[in-house]
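Chemist: need a structure here:
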Amino acid sequence: MDLSLLHFLTMVGKLKHLKRTGWVKNEVNEPECVASHMYRMSIMGMLIPQDSTIDKNRVIKMALVHDMAEAIVGDITPSCGVSQVDKYNMEKAGLLEMTKNIPDKAIADEIHGLWQEYEDGTTEVARLVKDFDKFDMILQAYEYEQEQQKIGHRGLEEFFNSTKNIFKTDMVKSWDTALRQKRNLPPESE
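Modeler: The predicted structure is shown next:
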């Protein structure tokens with residue numbers, strides 16, 4: 001293996017240990033890492049129906065790279081006090097730093113292109129992956145509420161409030177409706 005690829009993979013590996021900031025700030029026990037978040041989003045991509053016109057492989061790849069730069073810049077959330085422009089610039093520079101030594105320029109270009117498409121959010125694929133990103137967040141919040149209610153953990157309402165009426169794709173809108181209904185059921189009804 002080329003040493004530059006080894007360096008790249010080591011940097012990507014940092015995402016396996018980088019805890020997601022929102023959960024840390026809310027004092028969630030054993031908060032998930034960024035890689036776990038990207039993994040479940042990728043699995044969501046596999047759930048796209050076979051008869052869909054959307055490029056399933058592109059969705060999965062985009063889910064895998066959308067937060068990759070966080071290995072360098074960290075998981076920056078709205079509560080971190082960093083402007084959207086600064087966050088974008090930091091992440092773009094971080095991604096360039098991570099991929100600069102990948103020997104195959106076409107691979108590095110694909111990673112950059114997927115990340116940029118996600119950031120722009122103007123394609124059907126990017127809109128779906130953005131929906132996956134937010135849906136995974138509230139699904140994780142729901143799971144934390146269920147797991148940690150026994151130990152008196154306060155609700156994570158802010159995460160649900162931040163995603164009200166933001167989903168753009170029918171697939172994720174239906175998931176959101178189902179999750180919000182399930183969340184409002186008494187525990188014995190589940």
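Chemist: shouldn't Val28 be in contact with Glu143?
Modeler: No. Between Val28 and Glu143 there is no contact under CB atoms under 8 Å: 9.9 Å. (C-beta placed from N, C-alpha, C; glycine too.)
Chemist: who has more neighbours, those two?
Modeler: The residue with more neighbours, out of Val28 and Glu143, is Val28; 21 against 13, by other CB atoms under 10 Å.
Chemist: Find the nearest non-adjacent residue to the more buried one, please.
Modeler: Distances taken as CB to CB, 6 or more residues apart in numbering put Tyr144 closest to Val28, at 5.1 Å, once the chain neighbours are dropped.
Chemist: Quick check: which element contains that neighbour?
Modeler: Assigned by DSSP states H and E, Tyr144 belongs to helix 124-148.
Chemist: Can you name every helix or strand that the helix or strand hosting Thr10 contacts?
Modeler: Following DSSP H and E, one finds Thr10 within helix 3-13. If you count contacts as 3 or more CB pairs under 8 Å, 6 or more residues apart in numbering; DSSP states H and E, helix 3-13 packs onto helix 70-73, helix 84-99.
Chemist: Check the offset of the last one from the chain's centre.
Modeler: In terms of CA atoms, centre = their mean, to the nearest Å, the centre of helix 84-99 is found 16 Å from the chain centre.
Chemist: and the strand or helix carrying Met38, which residues are buried?
Modeler: Taking DSSP H and E as the definition, Met38 sits inside helix 34-46. By neighbour count with 16 or more other CB atoms under 10 Å, helix 34-46 contains the buried residues Val34, Ala35, Ser36, His37, Met38, Tyr39, Arg40, Met41, Ser42, Met44, Gly45.
Chemist: Measure how the helix holding Tyr144 sits relative to helix 34-46, angle-wise.
Modeler: Counting by axes from the mean of the first three to the mean of the last three CA atoms, to 10 degrees, helix 124-148 lies at 120 degrees to helix 34-46.
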